[in-house]
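**Q** return a 3D structure for these sequence lines:
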Amino acid sequence: MPARRPLILTALVAAIAAPTAAQAHLVATGMGPIYDGITHFGLSPEDYLPTVALAFFAGLRGPPSVRLLLAVLPVAWLAGGLAAMAGLAPPAAAMSAATAAMFLAIGGGLAANLDLPRAASAAAAAALGALRGVADLSGVAASLPHVASLAGMAASVFVVFAIAASISLPLTRAWMVIAVRVSGSWLAASGLLLAGWVWRYGVRATGS
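**A** Coordinates of the predicted model:
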């Protein structure tokens, strides 16, 4: 049974991240739009899991990569959210497939500990940020409260990325690095399961 726990955990993560609605919705906390955005990020595994994995990956590459991706990811998230509010979001099925692809790419890159050029890593961060920003704000009308919620999400991305990167950045012992890389393999497996879910069931439009 213990040997099956990683597989069960991976399946559970993929099921939680699997899309069930064609429209985005923001969490209402009653504490204001910025806190709504922070809470939305914290309750969205499809947002924070690849963010943490990308931060682990950057930390293994060293401080310059961390600084670069820490600047790129939140800005791309903001840009994606603003684009979505402007009505530039692609179909929900395409975003779901892209999310699965990002899980596979980022998780696989971390698991393999790929030595990518910084420009390629920055491009991956920009793609992730833009994709998730669009997905989070897709179908949401442009307004100051929604922009404030988006700012809360971007701030959460910055903080979570910085904390996660600080975990992997000082690692030097092989077993510690391997432990971080294993988390990438779980994310990649979740992406594979999510891709199968999207292929089999598609995106069910249930409203928000």
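**Q** only C-alpha atoms for contact and neighbour calcs from this point on.
**A** Will do.
**Q** elements contacting the helix ranked longest in the chain?
**A** Ranked by residue count under DSSP state H, the longest helix found in the chain is helix 174-201. Applying 3 or more Cα pairs under 8 Å, 6 or more residues apart in numbering; DSSP states H and E, one finds that helix 174-201 contacts helix 5-17, helix 45-61, helix 92-112.
**Q** right, and the helix or strand after the second one?
**A** Toward the C-terminal end, the helix or strand that comes next after helix 45-61 (DSSP states H and E) is helix 63-85.
**Q** count the neighbours of residue 141 for me.
**A** Using other Cα atoms under 10 Å, the number of residues around residue 141 comes to 14.
**Q** now do the same contact list for it.
**A** 85-86 (Cα atoms under 8 Å, 6 or more residues apart in numbering).
**Q** and it, helix, strand or coil?
**A** coil (DSSP: H, G, I helix; E, B strand; the rest coil).
**Q** what about stretch 34-48, distance to the chain center?
**A** How far stretch 34-48 lies from its chain's middle: 10 Å, per Cα atoms, centre = their mean, to the nearest Å.
**Q** got the buried residues for it?
**A** 34-42, 45-48 (16 or more other Cα atoms under 10 Å).
**Q** which residues sit against the helix or strand residue 159 falls within?
**A** In this structure, residue 159 sits in helix 144-168 according to DSSP H and E. Outside helix 144-168, the residues that touch it by Cα under 8 Å, 6+ apart are 33-38, 40-41, 48, 51-52, 54-60, 66, 70, 73-75, 77-78, 81-82, 133, 137, 140, 177, 180.
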